[in-house]
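J.: Let's see this in three dimensions:
(one chain, ligands or ions: 1)
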Amino acid sequence: MQIANTAKLNSGCISRNVGAAITDKRFHIKSIGWNDVAKGHTPCNLRNIEDLIGEEIKNENHYSDFEKGLNDKKSIYKYKNKNPSNFKGALKDYFSESYKKNKKDLNGKNCSFCFKTIHNHYEGEANQVHTRSLHAEENAMLQITKLGGLGVEGGILFTTASPCELCSKKAFQLGIRTIYFIDPYPGISNDQILKGGDENSRPVMIPFSGAIGSVYQKLYDNFLSYKDEVSMTLELKSKNKIGIQFIGILESLKNQNKDIRNLLELKNKFSDQDVIDLLIKSINSN
Ligand SMILES: Nc1ccn([C@H]2C[C@H](O)[C@@H](COP(=O)(O)O)O2)c(=O)n1
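T.: Residues are numbered from 1 along each chain as shown. Have a look, this model is predicted:
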């Protein structure tokens, strides 16, 4: 899950960042994904409403024809209301006034917009399908297909947000048997998809428990190599064993601790107590 959690930092979605990792049943990693736009599309965090709400459209290739209000003449799609009649108009209507008034409060931050939120707002819907990104789980599944990996039947999906209905169906179809998740994502995917069908093939949803993110890092990061830590802990207690064997450790710590640096530079000989005091001080200050 820590790998899925790290993968989510790649996401350019401005609504939610999600990471996923798929393993086989023995926890060998098969693929990693995060929510991201289709290759070649520009992530939302790099786009700016200013490109679209002015008279002239800027940075054209970062926006779809639909967003630019240039719907294909043959398209049967229409916004329900006359005003705004297209997405460009909707974006202006949604943002223009508040943007003009409060732009300075962004302190130079890019004014990105969420297509899904605005489109749904004018449609009067709450449709998750309008997200520009592929979902993290979906991207992890597609990575296996794209790069020709082995099957994941019986495998495990780790995802930082529980899967939506579409990704749940795909997980089911791939034969994934266990889904670990952190945040519950709203919707009926669990009741509608994962608890449907053949009981013997249903993936089981398990809320993740354990250290994650910076807590994981704090818990597992070594201060010293474990070998040195054990020998130091055991041998510091027995007199006259210190001397030379700990000079190596002190050397490796000297850049982190100025007391150790001073001691190594000023003294040729250290008493056992010097070494013990410094190491304890150094461990405590870490
Ligand atoms: N299980 C999930 C749930 C959501 N998302 C992604 C898709 C969108 O990029 C964003 C949507 O978040 P929200 O519905 O909160 O706007 O999160 C995802 O990758 N996996």
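J.: Wait, a helix at Leu166?
T.: Yes - looking at Leu166 with DSSP: H, G, I helix; E, B strand; the rest coil, it is inside a helix.
J.: can you tell me how far it sits from the ligand?
T.: The gap separating Leu166 from the ligand is 9 Å, by Cβ to the nearest ligand atom, to the nearest Å. Just so you know, the C-beta spots here come from the backbone N, C-alpha and C atoms, and that holds for glycine as well.
J.: Touching, that residue and Leu134? I think so.
T.: No - the pair Leu166 and Leu134 fails to qualify as a contact (Cβ atoms under 8 Å) at a distance of 10.0 Å.
J.: higher neighbour count, these two?
T.: A direct count of neighbours by other Cβ atoms under 10 Å for Leu166 and Leu134 places Leu134 higher, at 20 against 16.
J.: In contact with the more buried one, which residues?
T.: Under the criterion of Cβ atoms under 8 Å, 6 or more residues apart in numbering, the contact list for Leu134 reads 33, 35-38, 142.
J.: beta partners for it?
T.: Taking DSSP bridges as the rule, Leu134 bridges to Asp36.
J.: So it versus the ligand, what's the distance?
T.: For Leu134, the distance to the ligand under the criterion Cβ to the nearest ligand atom works out to 7 Å.
J.: Check Glu60 too.
T.: Going from Glu60 to the ligand by Cβ to the nearest ligand atom gives 23 Å.
J.: Can you give me the neighbour number for that residue?
T.: The number of residues packed around Glu60, counting by other Cβ under 10 Å, is 11.
J.: Residues of this protein that sit close to the ligand?
T.: Where the chain comes near the ligand, counting by Cβ under 6 Å from any ligand atom, the residues are 13, 15-16, 18, 35, 128, 131, 133, 135-137, 159, 161-164, 185.
J.: Okay, strands next: where are they in the stretch 151-286 of the chain?
T.: With strands called from DSSP state E, counting those that start in this stretch, the stretch 151-286 of the chain shows them at 156-161, 178-183, 204-207.
J.: residues touching Leu150, list them.
T.: Under the contact definition (Cβ under 8 Å, 6+ apart), the residues listed for Leu150 are 24, 30, 144.
J.: Span of stretch 257-276 from start to end?
T.: For stretch 257-276, the first and last residues are 14 Å from each other (Cα to Cα, to the nearest Å).
J.: on that earlier part again, may I see the strands of the stretch 151-286 of the chain organised as JSON lines, with mean pLDDT, distance to Asp65 and mean neighbour count added?
T.: Converted to JSON lines, the strands of the stretch 151-286 of the chain look like this (pLDDT from 0 to 100; distance: least, Cβ to Cβ, whole Å; neighbours: other Cβ atoms under 10 Å):
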{"stretch": "strand 156-161", "mean pLDDT": "98", "distance to Asp65": "31", "mean neighbour count": "26"}
{"stretch": "strand 178-183", "mean pLDDT": "98", "distance to Asp65": "34", "mean neighbour count": "20"}
{"stretch": "strand 204-207", "mean pLDDT": "98", "distance to Asp65": "39", "mean neighbour count": "13"}
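J.: buried sites along stretch 144-151?
T.: With burial defined by 16 or more other Cβ atoms under 10 Å, the residues of stretch 144-151 counted as buried are Ile144.
J.: Next: stretch 57-71.
T.: Judged by neighbour count (16+ other Cβ under 10 Å), stretch 57-71 contains these buried residues: 57, 62-63, 66-67, 69, 71.
J.: Show me how far stretch 99-111 is from its chain's centre.
T.: On the basis of Cα atoms, centre = their mean, to the nearest Å, stretch 99-111 is displaced by 26 Å from the centre of the chain it belongs to.
J.: pLDDT on it, on average?
T.: When pLDDT is averaged over stretch 99-111, the result is 93.
J.: Might one say that Ile144 is in contact with Ile32?
T.: No - the pair Ile144 and Ile32 does not pass the contact test of Cβ under 8 Å, sitting 10.4 Å apart.
J.: Mutual contacts of those two, please.
T.: A shared contact of Ile144 and Ile32, defined by Cβ under 8 Å, 6+ apart, is any residue touching both; here these are Ile22.
J.: before we move on, back to that, sort out for me which of the contacts of Leu150 are in helices.
T.: Ile144 (DSSP state H).
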